[in-house]
Structure formats: C-alpha cells, structure tokens
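Chemist: sequence first, then the predicted structure:
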Amino acid sequence: MKLHSRINGKDDSALIILPGLLGSSANWQSIAKRMGRRRTVYTLDMRNHGQSPWSDSMTYPAMAIDVAEFIATLDHRDICLLGHSMGGKVAMRLAFNTPQLIDSLIIADIAPVSYEHDFDDLITAMIELDVSSITRRSDADVALAASVSSPAIRAFLLHNLSFDTEQGSYTWRPNLNVLLNVMPEITGFSLSGTDEFSKPSLFIHGANSDYVTPASRKLISQRFQGASLDKLENAGHWLHAEQPAAFIEHCEAFLSHDY
C-alpha cells in the first residue's frame, strides 16, 4: 500500500512521523516544519486515514509493512521513526520485525501493551453526524457538541472533515466504519518471546496521561535495551499538541545524541 506523505526539509538524515488514530500528516505540520530545519521529515497518513488508501485490514503487522515499503523508497544514511499512540505501536512492530530498516526510534505516549479504553464513542459520533447537510465547518462543530463536549477533542476530530468539490459537500477522510470494526485490533498489541529492539530509542509520555504505567515502563525497558524513558510535564496523551516546544526539545536532544 502506497501511503500518502508530506515532506519538510532536506538532509541525509530523516525523521518519519506516524500519527495516531484519527490523526493525519496535516496535524503534525508545525512540528515537521520546525524539525525539518536539521533533517528531512516525512509525515505519513496511515492506511484508512488522511489521503492514504482504505483497507478492511488494520493489523499492526500490516501497517508496519506499509511503513517498511515506504522506507524502502528512501535513500538516507540515518532514519529515525517517530510514532504517537497508534502510530507508536506501528513503529514498535516495525522495529521488532525489521530493525535493519531504521537507526533509532521515538515513541510518544504509548506502550507495547493492550488497552481497555477505545474510541468507539467518538467514531460513532462522527459516523452519526450528517456531514452531507453541513455547509460550514462551524456547523459541524455545533452538531458534534451534542455528543462530544470537549472543544479540544471536537477540533481534533474536525481536522478529518474535508470538502469534496465534486460532490459539493463535506465528507470524512478516515474510513470510519472500518475503524469502528477494527477497534479491538487498534487497542490490542501482541508480543512474541523474541520481540526486542536494541538500537537507540526514546519513550516520552505525558505526565497527565495514563497510557504509560509503571508496569509498562518496566516492559519497555525489557524489550527495548537501553531505552530512554522521559516524561513531559503539563501534558496528556496528545503531548505534541499540548506542549509542542517541549516535545520538540526532547526529541532534538535524543536525535543529537544528548541522552
């Protein structure tokens, strides 16, 4: 599957960003532009997201192959893979399966474990919103407020709303029905006895997030030899959006080998 990508910067070293569930390359452009001052930054749309193709399958091995196929088209002396949430799980699966493709790894607010929470309510709210009757994005925000009370979460979801000039109406970019069906795949994560990654890695989590627990930090240390584990203060799960300057600072320090 050929994933859609956005490119910032130009250098022999590269950073590849994998967004999380319902995220896209567009959400990461401010960070990609700033980090592109020192390297080439590729920001991908995962399958069933953004401008990438749709598929009925959303397993982590399949998504890792998507990214591996993208990496195979590149020619860089040093490649770091940065993944947030679902994108972080994809990055970890690729690191376990094909470690020779990358030189380092940054994982943002996720661990190689299964989670009990899901995004069913948010995706259902998006599906039930009659976007064909929406004439302004602000109307969509008002309509979505009946199901999603948080303005910040609504703004995040509405990044996925696109105006189709051919149909003359708004439409959702993600394949919402498939995402709802495969939620157990997305919240889950399977480890084998041989899953390990020995190259440099940084795991950074939000201090206000519950996605990375003490137990999962222990598991990270076991599976990722020599991993650096860092905490970003005053940030939750969407740490890169809540504290972008601090997030970039931590990533740049790791990429500069200052950890």
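Modeler: Now that the structure is in, tell me what you want to look at.

Chemist: list the contacts for L82?
Modeler: Neighbouring residues of L82 by Cβ atoms under 8 Å, 6 or more residues apart in numbering: L15, I16, I17, L18, A91, L105, I106, I107, A108, C251. For every residue, glycine as well, the C-beta is placed using N, CA and C.

Chemist: give the buried residues for the strand or helix carrying it.
Modeler: Using DSSP states H and E, L82 maps to strand 78-84. Using 16 or more other Cβ atoms under 10 Å as the burial criterion, the residues of strand 78-84 that qualify are I79, C80, L81, L82, G83, H84.

Chemist: that strand pairs with which strands, and in what direction?
Modeler: In the sheet, strand 78-84 lines up against strand 13-18 (parallel), strand 104-108 (parallel) (DSSP bridges).

Chemist: just the strands in the stretch 151-259 of the chain please.
Modeler: For the stretch 151-259 of the chain, strands defined by DSSP state E, counting those that start in this stretch occupy the ranges 161-164, 169-172, 201-206, 228-232.

Chemist: what's the closest of these to E242?
Modeler: Nearest of those to E242, taken as Cβ to Cβ: strand 201-206 at 7.1 Å.

Chemist: relative orientation of the closest one and strand 104-108 in degrees?
Modeler: 10 degrees (axes from the mean of the first three to the mean of the last three Cα atoms, to 10 degrees).

Chemist: and for strand 201-206, what's in contact with it?
Modeler: Here strand 201-206 has contacts from 95, 104-109, 111, 211-212, 217, 220, 224, 226-232, 235-239, 242-243, 247, 250-251, 254, 259, using Cβ under 8 Å, 6+ apart.
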